[in-house]
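Undergrad: Pasting the sequence and the predicted model now:
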Amino acid sequence: MFRSLSLLTASAGLVLGGSLASAEKITGGGSTFIYPVLAKWVSNYEETSSNKINYQPIGSGGGIKALTSGTVTFAASDMPLHPDELEKRGWGQWPMITGGIVLAVNLPGIKDEAIVLDGKALTDIYMGNIVSWDHGDIQKLNPNVDLPDRHITVVHRSDGSGTTFNFTNYLSKVSPEWKSKVGSDTVVSWPTGVGGKGNAGVANYVETIPYSIGYVEYAYALQNNLTVTTMTNQEGKVVKPSLDSFQSAAANADYADHKDFYLILTDQPGDASWPIVATTFILMPEKPSSEAAAKTALDFMAWSYANGQDVSKHLDYVSIPQNVVTQIEKYWTANVTSNGQPVWSK
């Protein structure tokens, strides 16, 4: 399961591609979900360009705050903003990459993908209703697994997180109790558990705490060689986390019918669909303070759409389809402007 992938924690404040004092200040911040693939895109892009892209994985909430304060050129968020909110802020929004959120577990002696969870059991674990791994509801899903009589340590995000938004959005769809008592947002009042900062922080907790469970973007589970569960999807089928199961869920994304690409992909239909899939969105002012910085950022994104598919596939992310990329590029020319003229053109 392990793949070689160099990741640093969000708390380290990693800056990619040079210092924040670069001439055009092409800076971004936000989602840790996108960070593994974005890091490779930046590295590859800078081999072909003199431009520098600096990105800090500070969580989706942190990225939105940074864009609000004007300290970054663009933000990345795994929670799309509603078109009304975008209009109020004067921002544009588009999808950049799609990936899977998985359940990583630390269960000594139990193999990778040997445990099955469904939406009800997962919700009850995070509600604090199921507190032991050998609970009857988990045992029923795993009749041939010798589950330990050990307390479950629940791990969640401590920071404002789009991964949390999508995870809790899924729980809200499958559980009326979760929807009414906890709800879905980048920050929620967790009924139980310990918090880690960023996907990397959650992965680290799961790696070090026996009998724990945490939700992370798939690349972080791979990086840390974590055991992951399988899941029962909307169709009642048991599916494994994989590029194929993420693609099956992403295939339902019809962005053309959604203003500002506002679409959430949790709990999608399809026998092969992974139930917790998320898209990272880029946010940028429609009238950027620096035309040159905005153009360079969009040049990088256009390059990534055109040249980043192999990297995305290797890391089990789902690339944005070409027909959607065409929509996005038209969106840029119509919405990201300076003095009434498009900042970027193909």
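TA: It's in.
Undergrad: All the strands of the stretch 201-346 of the chain, in order from the start?
TA: Applying DSSP state E, counting those that start in this stretch to the stretch 201-346 of the chain gives strands spanning 212-217, 227-228, 230-232, 238-239, 277-285, 337-338, 341-342.
Undergrad: Give the residue spans of this structure that score low on pLDDT.
TA: The chain contains residues with pLDDT under 70 at 1-25.
Undergrad: before we move on, the earlier item: for the strands of the stretch 201-346 of the chain, which one sits closest to Ala249?
TA: Relative to Ala249, the nearest member of those by Cβ to Cβ is strand 277-285, separated by 4.1 Å. Quick note: C-beta positions are derived from backbone N, CA and C, even for glycine.
Undergrad: Quick one, which of the strands of the stretch 201-346 of the chain gets closest to Leu265.
TA: Nearest to Leu265 among the strands of the stretch 201-346 of the chain is strand 277-285; the distance by Cβ to Cβ comes to 4.7 Å.
Undergrad: partner strands of the closest one, parallel or antiparallel?
TA: Sheet pairing of strand 277-285 (DSSP bridges) gives strand 74-77 (antiparallel), strand 91-105 (antiparallel).
Undergrad: now those as TSV including distance to Trp178?
TA: Formatted as TSV, the strands paired with strand 277-285 follow (distance: least, Cβ to Cβ, whole Å):
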stretch	distance to Trp178
strand 74-77	22
strand 91-105	15
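Undergrad: deepest of these, which one?
TA: strand 74-77 (a mean of 28; mean count of other Cβ atoms under 10 Å).
Undergrad: And for that one, what's in contact with it?
TA: 28-31, 34, 38, 55, 60, 63-64, 66-67, 96, 162, 280-284, 297 (Cβ atoms under 8 Å, 6 or more residues apart in numbering).
Undergrad: Buried among those? Make that a PyMOL selection.
TA: Paste this into PyMOL to select the buried members of these, with burial taken from 16 or more other Cβ atoms under 10 Å:
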select buried, resi 28+29+30+31+34+38+55+60+63+64+66+67+96+162+280+281+282+283+284+297
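Undergrad: Quick check: Glu177 touching Met127?
TA: Yes - counting by Cβ atoms under 8 Å, Met127 is a contact partner of Glu177 at 6.9 Å.
Undergrad: Between the two, which is the more surrounded one?
TA: Between Glu177 and Met127, counting by other Cβ atoms under 10 Å, Met127 is the more crowded of the two (18 against 14).
Undergrad: Distance of Lys181 relative to Leu171?
TA: Distance of Lys181 to Leu171, given as Cβ to Cβ, to the nearest Å: 10 Å.
Undergrad: about what we covered before: and the strands of the stretch 201-346 of the chain, which is most packed in?
TA: strand 212-217 (a mean of 28).
Undergrad: Measure how it sits relative to strand 277-285, angle-wise.
TA: If you take axes from the mean of the first three to the mean of the last three Cα atoms, to 10 degrees, strand 212-217 sits at 50 degrees to strand 277-285.
Undergrad: mind listing the strands for the stretch 51-200 of the chain?
TA: Taking DSSP E, counting those that start in this stretch, the strands of the stretch 51-200 of the chain run over residues 54-56, 74-77, 91-105, 116-117, 153-157, 194-196.
Undergrad: nearest to Glu207, of those strands?
TA: Smallest distance to Glu207 across the strands of the stretch 51-200 of the chain (Cβ to Cβ): 8.2 Å, for strand 91-105.
Undergrad: Not counting its neighbours along the chain, what's nearest Ser242?
TA: Nearest non-adjacent residue to Ser242, counting by Cβ to Cβ, 6 or more residues apart in numbering: Asp316, 6.8 Å away.
Undergrad: ditto for Thr71
TA: In space, Thr71 is closest to Thr27, 7.2 Å off (Cβ to Cβ, 6+ apart).
Undergrad: Specify the beta-bridge partners of the one you found.
TA: Counting by DSSP bridges, Thr27 forms beta bridges with Asn54.
Undergrad: ok, it touching Gly70?
TA: No - look at Thr27 against Gly70 with Cβ under 8 Å: they stay out of range, at 10.4 Å.
Undergrad: With neighbour numbers in mind, choose between those two.
TA: Taking neighbours as other Cβ under 10 Å, Thr27 and Gly70 compare with Thr27 leading, 23 against 10.
Undergrad: State the distance from that one to Gly119.
TA: Using Cβ to Cβ, Thr27 is found at 38 Å from Gly119.
Undergrad: Thanks a lot, catch you later.
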